[in-house]
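1. Curious how this folds, go ahead:
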Amino acid sequence: MPHPKAPTDAARKTIAALAVPPRVERLGPIAGRFIHALRLIAVHDRVGRDPVPELAARLGSVEVAAKALILAQAIAATWSENIAVSRFCCRLLSHDETTIGAFVDAAAEGDRRGFEAALDGLVRADRAHRLWDAALALAAAEIRAL
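-> Have a look, this model is predicted:
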């Protein structure tokens, strides 16, 4: 007879799935491009360079680059610890990138409940509005750049 506190098969499968990082391809286009931008910003930050010129070239728009930088700064200001980003060439998402991608996707779809659910327990509610506003501004810039 199994121990009463032993995990079920469903729990084991869930735990195993959590151990496999999601791929950037699971994100929508705006969130995927933002994760790309966030990694580029991190690389430039490490070497003390302004990321906007390269962001603008890679994203095809100075406005999108500026909005991506503003969102990255808002995340850095509201996150409780340093943001974990994967290497620039990696297709797997860090735990922070997964959360960031989820809230950017929700904002791009105008889904406030999905946005709040992605941040629930991670960012204080009184700070989340800054992320919502910055994510909406990024999504609007991306749409204008099409």
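2. now what about stretch 118-130, what contacts it?
-> 74, 77-80, 99, 102-103, 106, 115-116, 131 (CB atoms under 8 Å, 6 or more residues apart in numbering). From N, CA and C alone the C-beta is placed, and that goes for glycine too.
3. for stretch 139-146, same thing?
-> Looking at what lies outside stretch 139-146 - CB under 8 Å, 6+ apart - the contacts are 29-30, 33, 59-61, 63-64, 66-67, 104, 107-108.
4. Can you flag which of those belong to strands?
-> Of the contacts of stretch 139-146, none are assigned to strands by DSSP state E.
5. Closest to L136 out of these?
-> If you rank the contacts of stretch 139-146 by distance to L136 using CB to CB, A107 comes first, at 5.4 Å.
6. tally of neighbours for that closest one?
-> Neighbours of A107 under the rule other CB atoms under 10 Å: 26.
7. Equivalent analysis for I30, please.
-> Applying other CB under 10 Å, I find that I30 has 21 neighbouring residues.
8. contacting residues around the closest residue to it other than its chain neighbours?
-> Once flanking residues are discounted, I30 sits nearest to A108: 4.3 Å by CB to CB, 6 or more residues apart in numbering. The contact partners of A108, by CB under 8 Å, 6+ apart, come to 28, 30-31, 135, 139, 142.
9. tell me the two of the residues you listed that are most distant?
-> It's G28 and A135 that sit farthest apart of those, by CB to CB, at 11.8 Å.
10. neighbour count winner among the two?
-> A count of neighbours by other CB under 10 Å puts A135 above the other of G28 and A135, at 26 against 16.
11. So what's the gap between the host helix or strand of that one and the chain middle?
-> Assigned by DSSP states H and E, A135 belongs to helix 125-145. Distance, stretch centre to chain centre, for helix 125-145: 12 Å (CA atoms, centre = their mean, to the nearest Å).
12. For that helix, list every residue counted as buried.
-> 128, 130-132, 134-139, 141-142 (16 or more other CB atoms under 10 Å).
13. residue boundaries of the helices in this protein?
-> 9-19, 29-47, 52-59, 62-78, 95-108, 112-119, 125-145 (DSSP state H).
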